[in-house]
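K.L.:
quick one, structure for this:
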Amino acid sequence: MATTAQVHAEEKTLVIGTNNWAENIAVANLWKLVLDDKGYDIELSDVGKSALYAGMASNDIDLSLEIWLPHTDKEYLAPYKDTLEVHAAWYDKTGLGLVVPSYVDIDSIPELVERADEFEYQGSPTILGIDSGSAIAALSDEVVEAYELPMDQMNSSEPAMMSALDSAYQNEQPILVTLWNPHWAFANYDLKYLEDPENIYGDGDTIYWFSREGLSEDDPWLTAVLDAWHMSDDSLSDLMAEIESQGDPVAGAQTWLDENHDQVDEWLAAGE
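P.N.:
Numbering: from 1, shown residues only. Next up is the predicted model:
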């Protein structure tokens, strides 16, 4: 007799939109493994943030596992708020902002006005960031303007930024990066957020999963399962750290899955 999951997954192909953030890579590969095992054909499509929302609105992408609200992704959602479906939350209270190693004797963004020269990178005072299309990059540009910082944001990729952070950290050199939690970096390094008196980065968000219009009606089993999904800071950090340690998102996610079947089974039980 076919299980409920097998019935709902019959000939079910789903495109999950992803981006290059560590936690997004982690949970996307975790759910691909879980759903592949339930008979789904899952495609992970790595796209820019704007393309993700547009692709979901045009039904080219079925769902994505990460939208930060009410602050960070508000502007991306705004044009599509009447069509895209924002579902249940799976992670509480994110962080976002400018980060330095704890050995750096600076605690707030305004201090950077007088001490920007300490954070030189390739010859000029620099905030090292990720891709320019990300929400944190846009907010960091606002921070530079609002605080009148004599420095620029250098946009690259998360792996490139983390490589620079690791190199500076190993040599106890000052470095200023854009970071967020959940992120494996806070497990591997002793870091601190700089205080943001103007509150430009906000007070933290909740992470939800979201989808194209009609997915909840098309696949109530999947919707129930993903609505039941919730991860603590510890469980998500363990997943990301496993992936970082193995250097392979599929292998790392599989190891975490093998060690946390009870937790995953609770999510799956919501669909039965």
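
K.L.:
mind giving me the packing neighbours of the longest helix seen in the chain?
P.N.:
Across the chain, the longest stretch assigned as helix under DSSP state H is helix 22-37. Counting contacts by 3 or more CB pairs under 8 Å, 6 or more residues apart in numbering; DSSP states H and E, helix 22-37 is packed against strand 13-18, strand 41-46, strand 63-69, helix 233-246, helix 249-259. C-betas here are computed from N, CA, C, even on glycine.

K.L.:
to residue 93, which of those lies closest?
P.N.:
helix 233-246 (8.6 Å; CB to CB).

K.L.:
and that closest one, what does it pack onto?
P.N.:
Against helix 233-246 (3+ CB pairs under 8 Å, 6+ apart) you get helix 22-37, helix 185-188, helix 249-259.

K.L.:
quick one: it to helix 249-259, angle?
P.N.:
Counting by axes from the mean of the first three to the mean of the last three CA atoms, to 10 degrees, helix 233-246 lies at 130 degrees to helix 249-259.

K.L.:
related to what we said a few turns ago, any chance of the helices and strands packed on helix 22-37 in TSV, plus mean pLDDT and distance to residue 75?
P.N.:
Formatted as TSV, the helices and strands packed on helix 22-37 follow (pLDDT from 0 to 100; distance: least, CB to CB, whole Å):
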stretch	mean pLDDT	distance to residue 75
strand 13-18	97	17
strand 41-46	97	21
strand 63-69	96	11
helix 233-246	91	25
helix 249-259	97	28
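
K.L.:
same list, those, but as TSV with distance to residue 77 please.
P.N.:
Below are the helices and strands packed on helix 22-37 laid out as TSV (distance: least, CB to CB, whole Å):
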stretch	distance to residue 77
strand 13-18	13
strand 41-46	19
strand 63-69	7
helix 233-246	22
helix 249-259	26
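
K.L.:
export these as TSV, with columns for distance to residue 180 and mean neighbour count.
P.N.:
Below are the helices and strands packed on helix 22-37 laid out as TSV (distance: least, CB to CB, whole Å; neighbours: other CB atoms under 10 Å):
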stretch	distance to residue 180	mean neighbour count
strand 13-18	16	20
strand 41-46	18	15
strand 63-69	9	22
helix 233-246	12	19
helix 249-259	18	18
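
K.L.:
right, and these - which one's nearest residue 142?
P.N.:
strand 63-69 (16.0 Å).

K.L.:
sheet partners, orientation included, of that closest one?
P.N.:
Note on strand 63-69: by DSSP bridges, its sheet partners are strand 13-18 (parallel), strand 206-211 (antiparallel).

K.L.:
mean confidence for the last one?
P.N.:
Averaged across strand 206-211, pLDDT comes to 97.

K.L.:
circling back to that earlier point, can you tell which of the helices and strands packed on helix 22-37 is closest to residue 169?
P.N.:
Comparing the helices and strands packed on helix 22-37 by CB to CB, helix 233-246 comes nearest, at 14.5 Å.

K.L.:
how about the CA coordinates for that closest one, as CSV?
P.N.:
What follows is helix 233-246, C-alpha atoms only, in CSV (Å, rounded to 0.1, in the frame of the first residue of the first chain):
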residue,chain,number,x,y,z
ASP,A,233,20.3,27.6,16.7
ASP,A,234,22.2,24.6,17.8
SER,A,235,20.7,22.2,15.3
LEU,A,236,21.1,24.5,12.4
SER,A,237,24.7,25.4,13.5
ASP,A,238,25.5,21.6,13.7
LEU,A,239,24.1,21.1,10.2
MET,A,240,26.1,24.0,8.7
ALA,A,241,29.3,23.1,10.6
GLU,A,242,29.0,19.5,9.3
ILE,A,243,28.8,20.8,5.7
GLU,A,244,31.7,23.2,6.2
SER,A,245,33.8,20.4,7.8
GLN,A,246,33.2,18.0,4.9
